[in-house]
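Q: sequence isn't available, so here's the structure alone:
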């Protein structure tokens, strides 16, 4: 059985960077692979004489039939992860302006913005069916690498992997969240002059947030609810789950809650990691 990662996503969202990371992790990478050739590539990798155990296929421009081919790979017994790289439109426009490259979906008088939205509409179904969606809007290459290493390093791949991401509502919702929890109801360290410059990583802020009775009750109930529903996600074939925890600015409450929740999952033997999108904003 070959482990296969199919990389899809918006142009400019980081497919090539993701492929580089997977290559470093031991995947044999085929970039810009036409959908029609995917069955042949998988067949060659699965030959008894092949030494390819991990295969990464970067989907090309034409995604028609991609979901059908992924389903067939799974029916043939391969372990397949459909990875989708996404990013907010303004970020993609900025990236194309910086590189001065032509967007592959640009045609006629259409500008970059129109090309991005056209591609996004074509990929809606692929994104909806993806096993793992990564929003690269505010990621640098190092953060993307950390996210991919945590997902695809050679560990126990049978366990569901949970990513807990803190964010600030004033900066917008994460594009890759499966579950979103609003913790703006908790006491806000921002209004304490001593705590305002700090973040949820600091023990003073962490204690301010976590040592309230309302926080303890919320965490106990939220943890119990998540633990209760995880088997249902697994039953649906989900190997990855992204939980987004949001407060106003993404610096204090959400950071402390995300770290505590990741610790509680880890203590239960559940693979979990915390990341913080807006802690430096």
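A: Cool, the structure landed. Computed from a prediction, not measured in an experiment: that's the story for all the values here.
Q: is it fair to say residue 134 lies in a helix?
A: No: going by DSSP: H, G, I helix; E, B strand; the rest coil, the assignment for residue 134 is strand, not a helix.
Q: residue contacts, it?
A: By CB atoms under 8 Å, 6 or more residues apart in numbering, the contact set of residue 134 is 14, 18, 83-86, 144, 147-148, 176. For every residue, glycine as well, the C-beta is placed using N, CA and C.
Q: of those residues, which belong to helices?
A: 18, 144, 147-148 (DSSP state H).
Q: most neighbours among those, please name it.
A: Among these, residue 18 has the most neighbours (other CB atoms under 10 Å), with 26 neighbours.
Q: okay, that one: pLDDT?
A: Residue 18 is assigned 95 on the pLDDT scale.
Q: and it, how close does it get to residue 64?
A: 21 Å (CB to CB, to the nearest Å).
Q: list the buried ones in stretch 43-62?
A: For stretch 43-62, a neighbour-count test (16 or more other CB atoms under 10 Å) marks 45-46, 52, 54-60 as buried.
Q: okay if I get the residues you listed as CSV plus secondary structure, pLDDT and distance to residue 197?
A: As requested, the buried residues of stretch 43-62 are arranged in CSV below (DSSP: H, G, I helix; E, B strand; the rest coil; pLDDT from 0 to 100; distance: CB to CB, whole Å):
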residue, secondary structure, pLDDT, distance to residue 197
45, helix, 88, 52
46, coil, 87, 56
52, coil, 90, 51
54, strand, 91, 45
55, strand, 94, 48
56, strand, 94, 42
57, strand, 94, 46
58, strand, 93, 43
59, strand, 88, 44
60, coil, 76, 48
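Q: in the stretch 51-200 of the chain, where is pLDDT below threshold?
A: 62, 108-110, 154-159 (pLDDT under 70).
Q: show me where it has its helices.
A: Remark: helices assigned in the stretch 51-200 of the chain by DSSP state H, counting those that start in this stretch are 66-75, 89-99, 112-122, 124-129, 141-152.
Q: report the two of the ones in helices among the contacts of residue 134 separated the most.
A: Maximum pairwise distance among those (CB to CB): 9.2 Å, between 18 and 147.
Q: quick one, phi psi at residue 28?
A: For residue 28, the backbone dihedrals are phi -90, psi 120 (criterion: degrees, to the nearest 10).
Q: which pLDDT value belongs to it?
A: With respect to pLDDT, residue 28 has a value of 93.
Q: which residues sit in contact with it?
A: Residue 28 makes contacts with 45, 52, 54-56, as judged by CB under 8 Å, 6+ apart.
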